[in-house]
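> Give the three-dimensional model of this entry:
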Amino acid sequence: MSAAPMWKKLLRVDVALLILACLLPVVDQRWHLDMVDPMRGVMVFAILALGLNIVTGFTGLLHLGMAAFMAIGAYAFAISSCDIYPFQLNFWWAILFTAIVGAFAGVLLGAPTLGLRGDYLAIVTLGFGEITQDVLKNLDVITKGTQGINPLPSPHVPWWTATGFGMLEFTSEQELPWYWLFLGFVVVAVVVCRNLERSRTGRSWLAVREDELAARCMGIAPVPVKMIAFATGAALAAVSGGLWVSMYSSTGEPGNYDFQVSILALCIVIVGGMGSINGVLIGSIAMLGIANIALPKIASVMQSAGWVNSGSVFGSPNNWKYLVFGLVLVVMMRVRPDGLLPAKLSIVNAKKKNAVEPAP
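I've put the predicted structure just below:
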C-alpha cells in the first residue's frame, strides 16, 4: 500500500478528531488545562446530535423532541439498573436495554405522526417532549418524581490498576476512565452512522429528504424509511441519556431534559452541517466548547483581572451563554448557511442551484 492513501485517511476530519481526542488527556495533564471533564459532556451531546442528524439531516424531518428520548433513555437505564428496582442489570446490559427502549419509543412516536410533514411534525415532536417531561415528573411511583433515581451502577472494564491488570470500577471522581469510555461510544456511534449512510437504507433516507415524490416513484416506501430513521435516532438519543446519568449516578429531575436540550442538539446539527457526520462532531465541539470550556475560562480570567465579580451578571457564564449562542447562529446563517462542514450532497446541490439561477 502506498503512503498517499494512508495520508488521505489521516487527513479525514473524523480520524483527525480521534487523534486529537486521544492526545487531549496527555496535553491536559501536562499543561493543566482542565478540559477532560467538560469534554465528557461534549461527547454525550455529540451522540445525541448524531441521532438527530439521522432524523433531520439524513431524512429531512424537523424533530424538536430529542430531549424526550434522552430522558426516556436516562430513566430506562436507571430503572433497569438501580438497586431499588427488581431488574438490577449491570452497566453494559442496561445500556443495551436503553437502546432497545429508545428505538421502541421512536417507533411509538413515529407510527401515528409520520404522515405529517414540516411544521406539523415539528409541533408534534415538540409536544411529545413536553408530555414526556410532565409524565416523568408526575409518575413518581416509578420515576421518583423530582427526587431522581440513584445510585446507579458504574461500568466495570479491563484496566491497568495499581495492583496490575484487572477490572476497574468507575467512580464519579475518576475523569479519565469516563473520558475514554465516552470516546469509545462516540467512535461506535460514528461508525454506525457512517455505515448506515452508505447503506441502502441511508440512500433511501437521502432520497426521501431530497424529493419524497420522486423517491416514491423509484419504489421507495417513505413511511417505513422514516420509521427506521426515527427508531435509530431515538436509540442513539436514549444511549446518550443512559451515559449521562451513569456518569453522575443519578437521573436528576425530569426538568433537566427540557426543550433547551432539543434546541441545543438542533443547533449542533445546523452549525456543523445538516446531514454531515463530521459536521456534527465539529458542531458539538464548537457549541459545547463555547458553553463548557471557553465561557468559564473567560469568566475566570475576567474575575481574576478584577473586571467583574462573581456576583455580577457577567461573572457567571450561564448568564450570557445564550447570547453567544444566538450571535453564533446569526453569523453562521449569514456566512455559512450550510454549516461548518456541509454534506457533500448539499455542496453539489448548491453548485447546481447557482449554475441554474441567473446572476443578479
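
> Hmm, Val328 is touching Ile268, no?
No. Contact criterion Cβ atoms under 8 Å: Val328 and Ile268 do not qualify, at 11.1 Å. Backbone N, C-alpha and C define where each C-beta goes, glycine included.

> Give the residues shared as contacts by those two.
With contacts taken as Cβ atoms under 8 Å, 6 or more residues apart in numbering, Val328 and Ile268 have Ala286, Met287 as neighbours in common.

> The two: who's more crowded?
Between Val328 and Ile268, counted using other Cβ atoms under 10 Å, the more crowded position is Ile268 (28 against 15).

> helix, strand or coil for the more buried one?
When classified by DSSP: H, G, I helix; E, B strand; the rest coil, Ile268 comes out as helix.

> can you map out the strands along the chain?
Listed in chain order, the strands of the chain (DSSP state E) span 156-161, 164-169.

> can you pull the contacts of Lys321?
Lys321 sits next to Ile290, Ala291, Leu295 when contact means Cβ under 8 Å, 6+ apart.

> Check whether the second one really touches Pro317, as I assumed.
Which is Ala291. Yes. If you go by Cβ under 8 Å, Ala291 and Pro317 touch, sitting 7.3 Å apart.

> what's the overlap in contacts for these two?
Common neighbours of Ala291 and Pro317, counting by Cβ under 8 Å, 6+ apart, are absent.

> before we move on, back to that, out of the contacts of Lys321, grab the one that's most surrounded.
Ala291 (21 neighbours).

> how near is that one to Gly41?
9 Å (Cβ to Cβ, to the nearest Å).

> can you check Asn53 too?
18 Å.

> For the closest residue in space to Phe170 that isn't next to it in sequence, give me its contacts.
Leaving aside its sequence neighbours, Phe170 sits nearest to Ser154 (Cβ to Cβ, 6 or more residues apart in numbering; 4.0 Å). The contact partners of Ser154, taken as Cβ under 8 Å, 6+ apart, are Phe91, Glu169, Phe170, Thr171, Ser246, Ser249.

> correct me, but Met39 touches Val27?
No. Checked against Cβ under 8 Å, the pair Met39 and Val27 is beyond contact range at 11.6 Å.

> Between these two, which has more neighbouring residues?
Met39 (25 against 13).

> Now do the same contact list for that one.
The contact partners of Met39, taken as Cβ under 8 Å, 6+ apart, are Ala21, Leu24, Tyr179, Ile293.

> So which of the residues you listed sit within helices?
The helices, defined by DSSP state H, take in Ala21, Leu24, Tyr179 from the contacts of Met39.

> from these, which is closest to Gly57?
Gly57 lies nearest to Ala21 out of the ones in helices among the contacts of Met39, by Cβ to Cβ, at 22.1 Å.

> That closest one against Phe182, yeah?
No. If you go by Cβ under 8 Å, Ala21 and Phe182 don't touch, sitting 9.8 Å apart.

> Counting neighbours, go ahead and name the busier of the two.
Phe182 (23 against 20).

> Can you tell me how far the more buried one is from Leu52?
Phe182 is 18 Å from Leu52, where distance means Cβ to Cβ.

> Ok, Arg216 next?
Look at Arg216 and Leu52: by Cβ to Cβ, they are 25 Å apart.

> go on, Arg200?
To Leu52, Arg200 is 22 Å away according to Cβ to Cβ.

> Look at those two and report which has more neighbours.
The neighbour comparison of Arg200 against Leu52 (other Cβ under 10 Å) goes to Leu52, with 25 against 9.

> contacting residues around that one?
Counting by Cβ under 8 Å, 6+ apart, Leu52 touches His63, Met66, Gly233, Ala237, Ala265, Leu266, Ile268, Val269.

> quick one: which of those residues has the most company?
Neighbour max across the contacts of Leu52 (other Cβ under 10 Å) = Ala237, 35 neighbours.

> these two touch, right, that residue and Ala74?
No. Contact between Ala237 and Ala74 fails when scored by Cβ under 8 Å: they sit 10.0 Å apart.

> Sort out which residues of the longest helix belonging to the chain are buried, please.
Assignment by DSSP H gives helix 222-248 as the longest helix of the chain. Residues 222, 225-247 are the ones in helix 222-248 that count as buried (16 or more other Cβ atoms under 10 Å).

> again, but for stretch 189-207
Buried residues in stretch 189-207 (16+ other Cβ under 10 Å): Ala189, Val190, Cys193, Leu196, Glu197, Thr201, Gly202, Arg203, Ser204, Trp205, Leu206, Ala207.

> Identify the nearest residue to the last one in space, disregarding sequence-adjacent positions?
Excluding its sequence neighbours, the residue lying closest to Ala207 (Cβ to Cβ, 6+ apart) is Ala215, at 4.0 Å.

> low pLDDT regions in the stretch 251-360 of the chain?
Filtered on pLDDT under 70, the stretch 251-360 of the chain yields the residue ranges 310-315, 318, 345-360.

> Could you give the separation of stretch 170-188 from the chain centroid?
15 Å (Cα atoms, centre = their mean, to the nearest Å).

> Give me the contacts around that stretch.
Stretch 170-188 is contacted by residues 18, 21-22, 25, 36-37, 39-40, 43-44, 46-47, 154-157, 159, 168, 239, 243, 247-249, 281 when judged by Cβ under 8 Å, 6+ apart.

> Check what pLDDT the residue nearest to Trp93 when sequence neighbours are not counted gets.
Spatially, and ignoring its direct neighbours in sequence, Trp93 is nearest to Ser80 (7.8 Å; Cβ to Cβ, 6+ apart). Looking at Ser80, its pLDDT reads 95.
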